[in-house]
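Peer 1: got a predicted structure here, sequence first:
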Amino acid sequence: MRTVAVAVAVAVADGSRHIVVRFINKGGKTVELPITSELGRTLVHRLGAGRPATELLFTRDDGTPVDRWWISAALTAAAIAGGMPASEARALHPHMLRATTITELLDAGARPEEVQAAAQHASIATTFRYKDRNKSLIGHVFYRRDKASDA
């Protein structure tokens, strides 16, 4: 099992403080992702309320760290609770969130080298596979998936 998330406040050279979530990825490397939105910061504060910064934000009922299978199940349950048909919700997986984030960053004009570093892609070619993925909404993965299920 991998440590999934620990939220910490990090002070940087200019004296500012940032909220980051630390993950240990599948390769065993520690990754820190900044929480930039107000909603994200509020969620992290609520999840970590009354706990030391080194305690995990997400654990199983027995206190052990969650893994990608647990996250997949939680994502499916949330989608169903939000009204998505169960057959479609079961097709969701956490990597879709990662892929969407990479695409959104590139489409918003983030430098590909920075996105590559954040995504921990060894090759910029891997990052560029996400570039312009959704130029047309008709070509969006959700529409393609719907067409496949209609057939």
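Peer 2: Structure received.

Peer 1: in its sheet, what does the longest strand along the chain sit against?
Peer 2: Looking across the chain with DSSP state E, the single longest strand is strand 17-24. Strand 17-24 has these partner strands in its sheet, going by DSSP bridges: strand 6-11 (antiparallel), strand 30-34 (antiparallel).

Peer 1: show me where pLDDT drops low in this protein?
Peer 2: For the chain, the stretches with pLDDT under 70 are 1-14, 134-151.

Peer 1: how about the helices in it?
Peer 2: For the chain, applying DSSP state H gives helices covering 38-48, 68-81, 86-89, 94-107, 112-119, 124-128, 141-150.

Peer 1: need these in a markdown table with distance to Thr54 and mean neighbour count, can you?
Peer 2: Every residue, glycine included, has its C-beta placed from N, CA and C. Putting those into a markdown table (distance: least, C-beta to C-beta, whole Å; neighbours: other C-beta atoms under 10 Å) gives the following:
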| stretch | distance to Thr54 | mean neighbour count |
| --- | --- | --- |
| helix 38-48 | 10 | 13 |
| helix 68-81 | 20 | 14 |
| helix 86-89 | 33 | 12 |
| helix 94-107 | 24 | 15 |
| helix 112-119 | 23 | 15 |
| helix 124-128 | 32 | 14 |
| helix 141-150 | 37 | 11 |
